[in-house]
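> here is a sequence together with a model predicted from it:
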Amino acid sequence: MSATIELIGGAAATITTLCWVPQAIKVIRTRDTRSLSLIMYIMFTTGVGLWLVYGLAIGSWPLIGANAITFLLVLVILGMKLKYG
């Protein structure tokens with residue numbers, strides 16, 4: 001049972017982390033961020049950053065890995081939004 005739960009958690013972390021890759025690629029390629037909400041990306045990036053800090057505090061490698069990658073991806077998107085509006 002525990003292995004199944006870990007597998008489900010790992011799959012969820014992988015999917016929710018990798019879902020940001022297409023958005024980041026699109027923003028990098030087109031530099032078009034007009035339709036993206038600045039407030040949403042600020043809030044989401046902050047939230048993911050806090051999850052990363054939490055994962056580091058409790059030593060949870062799944063939390064650390066998933067949130068570190070997600071944080072970098074959304075930080076790129078947020079940076080592009082700030083730069084290109």
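Thanks, I have the structure now.

> element containing G65, please.
Assigned by DSSP states H and E, G65 falls within helix 61-84.

> buried stuff in that helix?
63-71, 73-74, 76-78, 80-81 (16 or more other C-beta atoms under 10 Å). Bear in mind the C-beta positions are built from the backbone N, C-alpha and C, glycine included.

> mind checking how far the strand or helix carrying T17 is from the chain centre?
Element membership for T17, per DSSP H and E: helix 2-18. Its chain's C-alpha centre and that of helix 2-18 lie 15 Å apart, by C-alpha atoms, centre = their mean, to the nearest Å.

> now do stretch 64-75
On C-alpha atoms, centre = their mean, the centre of stretch 64-75 falls 4 Å from that of its chain.

> circling back to that earlier point, got the CA positions of the helix holding G65 in CSV?
In CSV, the C-alpha atoms belonging to helix 61-84 read as follows (Å, rounded to 0.1, in the frame of the first residue of the first chain):
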residue,chain,number,x,y,z
TRP,A,61,13.2,15.1,-1.4
PRO,A,62,10.0,14.7,-3.5
LEU,A,63,8.9,18.2,-2.3
ILE,A,64,12.3,19.7,-2.8
GLY,A,65,12.7,18.2,-6.3
ALA,A,66,9.3,19.0,-7.6
ASN,A,67,9.1,22.5,-6.2
ALA,A,68,12.7,23.4,-7.2
ILE,A,69,12.0,22.5,-10.8
THR,A,70,8.5,24.2,-10.8
PHE,A,71,10.0,27.3,-9.1
LEU,A,72,12.6,27.7,-11.8
LEU,A,73,10.0,27.2,-14.6
VAL,A,74,7.5,29.7,-13.2
LEU,A,75,10.3,32.1,-12.3
VAL,A,76,11.3,32.2,-16.0
ILE,A,77,7.7,32.9,-17.0
LEU,A,78,7.4,35.6,-14.3
GLY,A,79,10.6,37.2,-15.4
MET,A,80,9.5,37.2,-19.0
LYS,A,81,6.1,38.7,-17.9
LEU,A,82,7.9,41.5,-16.0
LYS,A,83,10.3,42.1,-18.9
TYR,A,84,7.8,42.0,-21.8
